[in-house]
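Enquirer: the following comprises the amino acid sequence and a computationally predicted model.
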Amino acid sequence: MKRRVLIIDDEPDITQLLGQQLEATNGYETLGLTTAAHALPMVRSWRPDVIVMDLLMPGVRGSEVAARLAEDGALRQIPIIFLTGAVTEECAARAGVVGRHQCLTKPVHLHTLLLAIETACAPDATSDGPRRRAA
């Protein structure tokens, strides 16, 4: 079964390019959103294995989406890989990035992103054990 990657970035070119690269390189199934405001309904209906999301977007920020996902028992186990223009661990902490989520700096190398996705999807990546997507 192909892993599902939800890509959320306010730059349409980034969502499209990352989606094409992930599908072509590792055969992931991808879906792109250009606004975080639509993230929760999409996560509930599509059930991605991992979310790749811009940290700082207009309107709803990536950290706000992560906080809302953490409040939902059915969605909190979905790992998030934040992408941002320039971030340090201190900046990520101030933005609300906590816990097991990863933070990568843009522009991200495809190999680095692939490694982060595989690490996030590994059975021991969450304290809940292997992640299974509901059919």
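Expert: The structure has been received and is ready for your questions. Numbers count the residues shown, from 1 in each chain.
Enquirer: which residues touch the residue lying closest to residue 22 once chain neighbours are set aside?
Expert: Nearest non-adjacent residue to residue 22, counting by CB to CB, 6 or more residues apart in numbering: residue 28, 4.3 Å away. Every residue, glycine included, has its C-beta placed from N, CA and C. Shown in contact with residue 28 (CB atoms under 8 Å, 6 or more residues apart in numbering): 2-5, 22, 117.
Enquirer: give me the buried entries from those.
Expert: Buried members of the contacts of residue 28, counted by 16 or more other CB atoms under 10 Å: 3-5, 22, 117.
Enquirer: now render those as TSV, adding distance to residue 34, pLDDT and secondary structure.
Expert: Converted to TSV, these look like this (distance: CB to CB, whole Å; pLDDT from 0 to 100; DSSP: H, G, I helix; E, B strand; the rest coil):
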residue	distance to residue 34	pLDDT	secondary structure
3	22	92	coil
4	18	96	strand
5	15	97	strand
22	17	94	helix
117	20	92	helix
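Enquirer: check the gap between residue 47 and residue 6 for me.
Expert: According to CB to CB, to the nearest Å, residue 47 and residue 6 sit 9 Å apart.
Enquirer: and the buried ones among the contacts of residue 28, which is closest to residue 78?
Expert: residue 4 (9.9 Å; CB to CB).
Enquirer: so the closest one bridges to which residues?
Expert: residue 29 (DSSP bridges).
Enquirer: against residue 106, how distant is it?
Expert: 22 Å.
Enquirer: count the residues that sit near the closest residue to residue 30 other than its chain neighbours.
Expert: Distances taken as CB to CB, 6+ apart place residue 19 nearest to residue 30, at 3.9 Å, with adjacent residues excluded. Residues near residue 19, counting by other CB atoms under 10 Å, number 19.
Enquirer: is residue 19 in contact with residue 32, as I believe?
Expert: Yes - using CB atoms under 8 Å, residue 19 is in contact with residue 32, at 5.1 Å.
Enquirer: between these two, what contacts are shared?
Expert: residue 7.
Enquirer: and the helices in the protein, which stretches?
Expert: 12-26, 39-46, 62-71, 89-94, 110-121 (DSSP state H).
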